[in-house]
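Visitor: build me a structure from this.
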Amino acid sequence: MAAIEFVVRDRAGNLQRGVLSEENGNAVSVAGADAVSLNLRRFQAVGYTRDGDTLVIELADGRQLRLDGYFQGETDLFLSADGLLSEVSLTETGAGVDALYQEAEVYGKWNPNDALFYTDGPDLDGVITAEAPVTDEETPTMLATGILTGLGGAGGLGAGAAIAGGAAVVGVVGGGGGGGGGAAPDTTPPAVEIDQGVVSVDHVFDDEDHQDGVEIGGTGEPGTTITVEIGDVTHETTVDDDGNWEVVFTPEEVPGGEYVDDVTVTATDDAGNTTTVTDIVHLDTVTTVTLAEIDGAVAGSGAVINATGHADGVTMSGTGEAGSTIVVQITDGASATTTVADDGTWSVNFAASEIATGEYTADVTVTATDVYGNTASTTSQMIVDTVTDVAVTSNNAGTDGTYNDAEVAAPAILSGTAQPGATVEVTLTHANGQTLGVQSVSADASGTWSVTYPGGTLPGGEYDVTVTAVATDAAGNSETATSTFPVDTLTNVALSQIDGNAPSTVINAVGHADGVTMSGTGEPGGTITVAVAGGASQPAVVDANGNWSVTFP
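Guide: This is a model prediction of the structure:
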């Protein structure tokens with residue numbers, strides 16, 4: 001039985017050549033290899049199975065070749081004969097291993113795998129057939145190179161016959177007198193590669209890139225017709241004189257989004273030979289972002305940042321595509337940048353000094369830029385209310401503001417201002433620290449409030465009352481205002497002298513003739529009325545020193 005040549009290439013490019021036969025053994029180790037090429041035609045390998053990490057190849061003559069360690073890594077398998085190199089793609093199924101062949105390269109053309117080619121093939125037992133060149137989908141019948149040798153004349157395959165892809169291609173045979181034969185037809189598939197716009201060259205179409213269309217390009221034989229298919233859309237072009245080609249799919253033909261799709265490129269030369277290669281186009285023209293919370297409250301829900309929350313800083317958080325860059329911008333204010341975590345969340349914190357206090361609404365815009373350059377943004381509102389106000393403005397203690405004996409017996413009414421809707425708690429405290437009363441009320445729409453304490457709440461005496469008003473607005477901000485007013489239900493008066501003597505002095509004729517002067521003491525500012533028997537009376541005002549004096553004519 002014929003020996004099978006092989007070549008094994010490691011990942012450093014070193015080559016190991018040998019022969020598989022009954023004498024040398026039908027197994028070779030390919031563990032860790034980059035590629036292995038066997039001197040076989042496609043039809044001579046009739047089946048593939050897996051035995052542990054070993055690939056077992058069934059041959060047409062009944063032999064089994066063993067590639068030990070094949071399944072330990074990523075090793076490319078090639079079959080080569082007659083100047084052709086076919087790549088074998090293996091897929092494990094429940095029934096075994098399925099093989100898909102693809103013409104990789106042709107010897108003598110542009111090829112980086114010269115060391116993997118064999119220009120002839122092994123003479124395994126087989127049957128000759130004459131048919132068209134083999135395509136990727138066809139499986140030819142058995143053929144031996146030697147069978148064609150010497151077949152000439154009018155009854156055989158003449159000099160125009162050649163071997164291509166494991167099948168005999170019959171050329172033009174001359175007639176009578178041993179005539180001449182025509183030239184062998186071109187059965188060499190054209191070379192073609194994709195080097196633009198596909199995943200194998202690490203290209204991803206982002207939104208900006210996609211707007212100009214999806215460009216797919218590569219190299220090939222000048223003059224070759226190139227057909228490119230993506231989905232249901234096909235474009236055709238011709239390889240230029242420099243060996244380059246390119247087609248452009250419009251954004252409508254290959255819509256934007258986030259997905260991958262197959263790209264199929266078929267090269268057809270003038271002789272009708274074809275080569276098909278496939279790759280993948282990757283589109284990522286969109287990204288997403290949300291602003292979910294502002295300082296712990298749902299964004300856009302009307303939640304307010306009050307003075308307490310502002311003091312701790314303001315935290316904002318949301319979601320986006322992992323790895324995206326997030327920029328958070330407050331209108332006319334601070335900005336912050338972060339990156340979306342692997343779980344799709346992000347968070348930034350603004351210090352209290354970065355956000356102005358007061359009572360206002362600001363837009364918060366979040367912009368996400370993903371790893372491919374796509375952007376998305378969302379805007380929400382941040383409501384800030386860190387202030388409130390309150391004041392005590394008046395009481396009902398008359399024009400002098402002092403509660404006298406008659407006024408403490410009546411209800412005491414206090415009033416003031418605050419933010420509309422704010423709750424105001426008003427507490428009265430005696431000078432000795434005793435709480436005299438507590439009342440709560442809400443400021444009306446105009447921002448005024450009033451509370452009423454029952455008569456008798458203020459005890460008699462002479463003292464000051466402290467009024468403490470605490471307002472709490474709808475945002476939870478609070479403010480305190482204090483005021484005082486006097487209570488004076490007591491007074492005093494004394495008659496100290498009559499005509500310069502004690503009140504018991506007798507007024508004689510001489511003293512009476514000059515008029516009678518009376519004096520005494522009282523509360524400064526108080527009004528004194530002095531009345532004598534017979535109905536005469538005189539008023540007096542107590543001076544700042546507490547003295548008063550009147551004279552009766």
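
Visitor: only C-alpha atoms for contact and neighbour calcs from this point on.
Guide: Will do.

Visitor: list the contacts of the one residue sitting closest to the centre of the chain.
Guide: Note on the chain: the residue nearest the mean C-alpha position is Gly320, at 1.9 Å, using CA atoms, centre = their mean. For Gly320, the contacting residues are Thr287, Thr288, Val289, Thr290, Val340, Gly344, Thr345, Trp346, Ala368, by CA atoms under 8 Å, 6 or more residues apart in numbering.

Visitor: ok, now with 7 Å
Guide: Neighbour list for Gly320: Thr288, Val289, Thr290, Val340, Gly344, Thr345 [criterion: CA atoms under 7 Å, 6 or more residues apart in numbering].

Visitor: that one and Leu283, how far apart?
Guide: Using CA to CA, to the nearest Å, Gly320 is found at 18 Å from Leu283.

Visitor: now do Ala409
Guide: Computed as CA to CA, the Ala409 to Leu283 distance reads 86 Å.

Visitor: which of the two has more residues huddled nearby?
Guide: The residue with more neighbours, out of Ala409 and Leu283, is Leu283; 25 against 16, by other CA atoms under 10 Å.

Visitor: may I ask which helix or strand encompasses that one?
Guide: Taking DSSP states H and E as the definition, one finds Leu283 inside strand 274-284.

Visitor: quick one: list the elements packing against that strand.
Guide: strand 258-268 (3 or more CA pairs under 7 Å, 6 or more residues apart in numbering; DSSP states H and E).

Visitor: run the chain-centre distance for the strand it packs on.
Guide: From the chain centre to the centre of strand 258-268 is a distance of 30 Å (CA atoms, centre = their mean, to the nearest Å).

Visitor: which parts of that strand are buried?
Guide: Val263, Thr264, Val265, Thr266, Ala267, Thr268 (16 or more other CA atoms under 10 Å).

Visitor: check stretch 485-497 too.
Guide: In terms of neighbour count (16+ other CA under 10 Å), stretch 485-497 has its buried residues at Phe485, Pro486, Val487, Asp488, Thr489, Val493, Ser496, Gln497.

Visitor: also stretch 288-304?
Guide: Using 16+ other CA under 10 Å as the test for burial, stretch 288-304 gives Thr288, Val289, Thr290, Leu291, Ala292, Glu293, Ile294, Asp295, Ala299, Gly300, Ala303, Val304.

Visitor: Leu85: which of the residues you listed is nearest?
Guide: Among the buried residues of stretch 288-304, Thr288 lies closest to Leu85 (CA to CA), at 47.0 Å.

Visitor: got a list of what the closest one touches?
Guide: Applying CA under 7 Å, 6+ apart to Thr288 gives the contacts Gly320, Glu321, Ala376.

Visitor: skipping adjacent residues, who's closest to the last one in space?
Guide: Leaving aside its sequence neighbours, Ala376 sits nearest to Ala368 (CA to CA, 6 or more residues apart in numbering; 5.3 Å).

Visitor: element containing the one you found, please.
Guide: Using DSSP H and E, Ala368 sits in strand 359-369.

Visitor: who touches that strand?
Guide: 289, 291, 324-331, 375-387.

Visitor: try stretch 222-229
Guide: So stretch 222-229 is contacted by 234-243, 263-269 (CA under 7 Å, 6+ apart).

Visitor: can I get the CA coordinates of it in PDB?
Guide: Presented in PDB, the C-alpha positions along stretch 222-229 are these (Å, rounded to 0.1, in the frame of the first residue of the first chain):
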ATOM      1  CA  PRO A 222      -6.500  41.300 -10.800                       C
ATOM      2  CA  GLY A 223      -9.600  41.100 -13.100                       C
ATOM      3  CA  THR A 224     -11.400  38.600 -10.900                       C
ATOM      4  CA  THR A 225     -15.100  39.200 -10.300                       C
ATOM      5  CA  ILE A 226     -15.900  39.500  -6.600                       C
ATOM      6  CA  THR A 227     -19.400  38.900  -5.200                       C
ATOM      7  CA  VAL A 228     -20.000  39.900  -1.600                       C
ATOM      8  CA  GLU A 229     -23.200  38.800   0.300                       C
END
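
Visitor: before we move on, back to that, can you list the buried residues in the strand holding Ala368?
Guide: By 16+ other CA under 10 Å, the buried positions in strand 359-369 come out as Val364, Thr365, Val366, Thr367, Ala368, Thr369.

Visitor: beta-bridge partners for the residue nearest to Ala376, please?
Guide: Beta bridges link Ala368 to Ile326, Ala376, judged by DSSP bridges.

Visitor: how much space separates it from Arg50?
Guide: Ala368 sits 49 Å away from Arg50, going by CA to CA.

Visitor: so where do the strands sit in the stretch 401-550 of the chain?
Guide: 412-418, 423-430, 435-442, 448-453, 462-472, 478-488, 493-498, 516-522, 527-531, 537-541, 547-552 (DSSP state E, counting those that start in this stretch).

Visitor: then the stretch 51-200 of the chain?
Guide: Using DSSP E, counting those that start in this stretch, strands in the stretch 51-200 of the chain cover 54-59, 64-68, 76-81, 84-93, 96-106, 162-164, 167-169, 192-196.

Visitor: need these in a markdown table (columns: mean pLDDT, distance to Gly460 and mean neighbour count).
Guide: Listed next are the strands of the stretch 51-200 of the chain as a markdown table, based on pLDDT from 0 to 100; distance: least, CA to CA, whole Å; neighbours: other CA atoms under 10 Å:
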| stretch | mean pLDDT | distance to Gly460 | mean neighbour count |
| --- | --- | --- | --- |
| strand 54-59 | 94 | 111 | 19 |
| strand 64-68 | 94 | 113 | 20 |
| strand 76-81 | 93 | 109 | 24 |
| strand 84-93 | 90 | 105 | 18 |
| strand 96-106 | 79 | 109 | 17 |
| strand 162-164 | 30 | 126 | 20 |
| strand 167-169 | 30 | 128 | 23 |
| strand 192-196 | 96 | 99 | 21 |
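
Visitor: okay if I get those strands as JSON lines plus distance to Val470?
Guide: Shown next, in JSON lines, are the strands of the stretch 51-200 of the chain (distance: least, CA to CA, whole Å):
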{"stretch": "strand 54-59", "distance to Val470": "86"}
{"stretch": "strand 64-68", "distance to Val470": "88"}
{"stretch": "strand 76-81", "distance to Val470": "83"}
{"stretch": "strand 84-93", "distance to Val470": "80"}
{"stretch": "strand 96-106", "distance to Val470": "84"}
{"stretch": "strand 162-164", "distance to Val470": "100"}
{"stretch": "strand 167-169", "distance to Val470": "102"}
{"stretch": "strand 192-196", "distance to Val470": "73"}
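
Visitor: nearest to Val7, of the ones you listed?
Guide: Taking the strands of the stretch 51-200 of the chain one by one with CA to CA, strand 76-81 is closest: 9.9 Å.

Visitor: note down every partner strand of the closest one and its orientation.
Guide: strand 35-38 (parallel), strand 84-93 (antiparallel).

Visitor: so, low pLDDT: which residues of the stretch 101-250 of the chain?
Guide: Scanning the stretch 101-250 of the chain for pLDDT under 70 picks out 104-112, 123-184.

Visitor: not counting its neighbours along the chain, what's nearest Asn492?
Guide: Sequence neighbours aside, Gly522 is the residue nearest to Asn492 in space, at 5.4 Å (criterion: CA to CA, 6+ apart).

Visitor: separation between the one you found and Pro486?
Guide: Look at Gly522 and Pro486: by CA to CA, they are 19 Å apart.

Visitor: do the same with Gly18
Guide: Counting by CA to CA - Gly18 and Pro486 are separated by 118 Å.

Visitor: gap between Val56 and Ser80?
Guide: According to CA to CA, Val56 and Ser80 sit 18 Å apart.

Visitor: same thing with Val366?
Guide: 59 Å.

Visitor: over to Leu436?
Guide: Distance from Leu436 to Ser80, by CA to CA: 109 Å.

Visitor: and what of Thr287?
Guide: According to CA to CA, Thr287 and Ser80 sit 47 Å apart.
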